[in-house]
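K.L.:
Here is a sequence together with a model predicted from it:
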Amino acid sequence: QVQLQESGPGLVKNSQTLSLVCTVSGGSITANNYYWNWIRQAPGKGLEWIGAIGFNGRLWYNPSLKSRGSISRDTSKNEFTLQLMSVTPEDRGVYYCARFIGDNKYFDNWGQGTQVTVSS
């Protein structure tokens, strides 16, 4: 059973960089046809897809982030990371990592989420 676990600071200062790590167990992030995603949910709002890194290292980002997001991976640790630069209070919320199955096209495993607050 694949498990995903987010980690990182729960509090980030305005205009600084948020860094989160998703550690994956029970399955490799290089396994074929799996895509590893970051998704967030602001208070009172729906889920917002941030971006993804594929099994082959290919990257995708939500254009609404205006190039503030950067996703990378460490295959030796079986984890992938999110860096979100120049955060504002609008970036606060719960951040999730999730696995997407390319063949079946759905998210089958999610982390429990980590709360992020942006201080002024």
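P.N.:
Yep, it's here.
K.L.:
what are the bridge partners for the spatially most central residue of the chain, then?
P.N.:
A centroid search over the chain (Cα atoms, centre = their mean) returns residue 38, at 2.4 Å, as the residue closest to the centre. Note on residue 38: beta-bridge partners residue 51, residue 97, judged by DSSP bridges.
K.L.:
Only the C-alpha atoms, please, for stretch 61-68, written as CSV.
P.N.:
Extracted C-alpha coordinates of stretch 61-68, given in CSV (Å, rounded to 0.1, in the frame of the first residue of the first chain):
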residue,chain,number,x,y,z
TYR,A,61,2.6,23.6,-13.2
ASN,A,62,-0.6,25.5,-12.8
PRO,A,63,-0.1,28.7,-14.8
SER,A,64,-2.0,30.6,-12.1
LEU,A,65,1.1,30.4,-9.9
LYS,A,66,2.9,32.7,-12.3
SER,A,67,6.2,30.7,-12.1
ARG,A,68,6.4,30.9,-8.3
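K.L.:
neighbouring contacts of that stretch?
P.N.:
Residues from elsewhere that reach stretch 61-68, judged by Cβ atoms under 8 Å, 6 or more residues apart in numbering: 48-51, 69, 71, 84-86. C-betas here are computed from N, CA, C, even on glycine.
K.L.:
One more: stretch 97-105?
P.N.:
Contacts to stretch 97-105, defined as Cβ under 8 Å, 6+ apart, come from residues 2, 4, 6, 20, 22, 24, 27, 33-39, 52, 54, 80, 82, 106-111.
K.L.:
Might you specify the subset of those located within strands?
P.N.:
Mapping these onto strands (DSSP state E) picks out 4, 6, 20, 22, 24, 34-39, 52, 54, 80, 82, 106-110.
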